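Peer 1: Quick one, fold the following:
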Amino acid sequence: MNRNFKVSGNALIWQFETETIRIEGWGLDGIRIRATKLSDIKELPGALLPPNKQSTSKIEVGQGYASIRNGKVKGVIENNGRIHFYNCLTGALLLQEPEPMFWRSPSRLYKTRSSELFHLEARFEAQPGERFYGLGQHQHGKLNQKGCVIELEQRNTEVCIPFLLSNMGYGFLWNNPAIGRVELSENGTRWVAETTRQMDYLVIAGDTPADILEKYADATGHPLELPEFAAGFWQCKLRYYSQDELLNVAREHKQRGLPLSVIVSDYFHWTMMGDWKFDPKYWPDPVAMVKELDEMGVKLMVSIWATVNINSQNYEIMRQNGWLTLTERGLPAHMVFLDGFPNGRTVMAYYDATNPDARRFVWEQVRENYYKKGIKVWWLDACEPEIYPSDHDNMRYMMGNGLEVGCIYPLLHQQGFWEGMSSEGEKEIITLSRSAWAGSQRYGTAVWSGDIRSDFETLRAQVPAGLNIGLSGIPWWTTDIGGFLNGDPSTPYFRELIVRWFQYGVFCPLFRLHGARLPFDNTIPGGNGAPNEVWTFGEPAYSIIRQLMFLRERLKPYIMNQMHVAHEKGIPPMRPSWFDFTHDSTCWNIEDQFMLGPDLLVAPVLHEGHRSRRLYLPSGTNWIDAWTGECVEGGKWIEVGAPLERIPAYWRDNSPAIFRFDQLSD
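Peer 2: Numbering: from 1, shown residues only. All right, here's what the predicted structure looks like:
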């Protein structure tokens, strides 16, 4: 046997000088690679679950190489350590490391940071015509991310999920929570971890994008079943100041006969951050509030932040027990922010979500002060965590330094709420979060696109942002309809924008209105936006939006069907048109229209003043105009009318879900 190789159980081991590589089959059609210059491969925090399906690995050691086959994927490692991946069925090259040559940087570069930590880089060759999708949610406005540099860091509006889907027939998970980046350049791909102990990634081969995403869900966890109420309309604003104000909005919805599934109590409903309880001055009887909402068929969602005010009743006990995130230098503070006490700015710390005891303590407070009052829907805001300044090297978690583990924070925060709800016997679990990581879907995580601007340019960016996060394993996604920042409902511009955004939002997995509308009142802690209810946008916006709300109600059975598929197969309800029409080369170049499930094509109007738009109908089927019932042959571009009251949409011919959008009634 070649002296560089050995077989250990189902794994192939390569060793040379101080580097060790472990290659093993993972589930169906996957190969996991771990490499280090430490004494051994370690079990480190990551996204992968133990495989739930037995791999069929076959290892062969030859002259100058060794290979491992698992289902559809084959990994080959040369004697010099160069790694290649192939599709076993077709023989097609999936990806490979560059060939070692002279003084060129090695494919796997380790730069020592300490005795056990390295700056690590992994390089792969570029392939002509390759496209990359996924990688979480980003605001660059691109669906195909070839040519982009993507930061592997959690930030408001930027969600890091280090999984990409290639049109070459593979998925790639960078199973490392370190701060870093991925460079998807024309002459190669480079994954970078600023501080880590070892390299860890998973390659999955598949016949179709759906096939790859199903195996990815097997590897990192399937999404939960979406609770049916969550498919309806969510009403939110920054912010309802009191119990009476919130209840009056819910009552107005019902008096107007408008659908309403969820209403939200946003931040600063609390006494102070870290107390995790209602301020009784403004929310005197939460039990009665929840009871009245339940009778209306409305769920109350409350905002939960992971921050702890140094004046909070819980701060000292959390500090003494090591349940707060520490700093490596300077004061133990991560954010200066407004709070109710003291009135104005004060110092905040983040609790340490990597500590299981800290997660349990937070849930105990939430359970006592919210859950026992009947609240079961959670908004996990600012859970990146949002730190100022953004110096991850100054963060000290139980799991390690922030540079090493910082990206995993939201997943573990979500895990704490899932564990808490599950311990109470709850089956319908959903948390709306501003961030996520690979595997967050297994804890009932929904994501929204953060504090985005209220303009058409930002609306355009949400289409690829939502499609890419769906391709990253997160099927439950939404935006702030109308955007969050600088929207003025008194202007014609915003009133057109809110209609077009509602039209898009109807077809998003979750349907949620939110925003900090102008004029903004800064006289109270946290501030207060202007009214943000659908009837406050004037005519004709209100009449159009009202009909859209009933359209969403009519779509709910179809949406819930797609959510069940997401649970079983990991397939997102909202996806690019190439996902269902891989044979149609034109679909791969389209980034401003999408499919909702396999049967409904949606082409939102994304520019101010436009009253028509060009769209493409994929080939291989005929299409039925959802508004007129006209049948149109697929495989061609068409120009369609889009007056303010209409969003272009087409049903796949012969779909059992077909209904006319213009024939709905209240």
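Peer 1: Would you agree Gly527 is in contact with Pro519?
Peer 2: No - under the criterion of C-beta atoms under 8 Å, Gly527 is not in contact with Pro519, lying 10.7 Å apart. For glycine as for every other residue, the C-beta is placed from the backbone atoms N, C-alpha and C.
Peer 1: These two - which one has more neighbours?
Peer 2: Here Gly527 and Pro519 are compared on neighbour count by other C-beta atoms under 10 Å; more neighbours surround Gly527, at 15 against 10.
Peer 1: so what's the more buried one up against?
Peer 2: Residues in contact with Gly527 (C-beta atoms under 8 Å, 6 or more residues apart in numbering) are 238-239, 516, 520-521.
Peer 1: Now stretch 408-420: buried residues?
Peer 2: Across stretch 408-420, burial judged by 16 or more other C-beta atoms under 10 Å covers 408-418, 420.
Peer 1: separation between Leu164 and Ala446?
Peer 2: Relative to Ala446, Leu164 is positioned 22 Å away (C-beta to C-beta, to the nearest Å).
Peer 1: my bad, should have said Tyr315
Peer 2: If you go by C-beta to C-beta, the gap between Tyr315 and Ala446 works out to 29 Å.
Peer 1: quick one: which of those two has more around it?
Peer 2: Neighbours around Tyr315 and Ala446, counted as other C-beta under 10 Å, are more numerous at Ala446. The numbers are 25 against 21.
Peer 1: All the helices of the chain, residue numbers only.
Peer 2: 209-220, 243-255, 286-296, 315-320, 356-369, 402-405, 409-423, 456-470, 492-505, 541-569, 577-580 (DSSP state H).
Peer 1: by contact count, what packs against the second one?
Peer 2: With contacts defined as 3 or more C-beta pairs under 8 Å, 6 or more residues apart in numbering; DSSP states H and E, the packing partners of helix 243-255 are strand 233-235, strand 262-265, helix 286-296.
Peer 1: try 10 Å
Peer 2: Where contact means 3 or more C-beta pairs under 10 Å, 6 or more residues apart in numbering; DSSP states H and E, helix 243-255 is packed against strand 233-235, strand 262-265, helix 286-296, strand 299-305.
Peer 1: Out of these, which is the most enclosed?
Peer 2: Among the helices and strands packed on helix 243-255, the stretch with the highest mean neighbour count (mean count of other C-beta atoms under 10 Å) is strand 233-235, at a mean of 25.
Peer 1: tell me what that one is packed against?
Peer 2: Contact here means 3+ C-beta pairs under 10 Å, 6+ apart; on that basis strand 233-235 packs against helix 243-255, strand 262-265, strand 299-305, strand 511-513, helix 541-569.
Peer 1: Turn these into a markdown table, columns for mean pLDDT.
Peer 2: Output for the helices and strands packed on strand 233-235, formatted as a markdown table (pLDDT from 0 to 100):
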| stretch | mean pLDDT |
| --- | --- |
| helix 243-255 | 98 |
| strand 262-265 | 98 |
| strand 299-305 | 98 |
| strand 511-513 | 98 |
| helix 541-569 | 98 |
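Peer 1: Is it possible to get CSV of the ones you listed that adds distance to Val336?
Peer 2: What follows is these, written out as CSV (distance: least, C-beta to C-beta, whole Å):
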stretch, distance to Val336
helix 243-255, 28
strand 262-265, 24
strand 299-305, 14
strand 511-513, 29
helix 541-569, 38
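Peer 1: and Arg32, which of the ones you listed is closest to it?
Peer 2: Arg32 sits nearest to helix 541-569 of all the helices and strands packed on strand 233-235, at 21.6 Å, using C-beta to C-beta.
Peer 1: gap between Leu260 and Glu553?
Peer 2: When C-beta to C-beta is the yardstick, Leu260 and Glu553 sit 11 Å from each other.
Peer 1: Looking at the two, which has the bigger crowd around it?
Peer 2: Legend: neighbour count by other C-beta under 10 Å for Leu260 and Glu553, higher for Leu260 (21 against 17).
Peer 1: Against Cys236, how distant is that one?
Peer 2: The span separating Leu260 from Cys236 equals 11 Å under the rule C-beta to C-beta.
Peer 1: Repeat that for Phe132.
Peer 2: For Phe132, the distance to Cys236 - C-beta to C-beta - is 33 Å.
Peer 1: Good, we can wrap up now.
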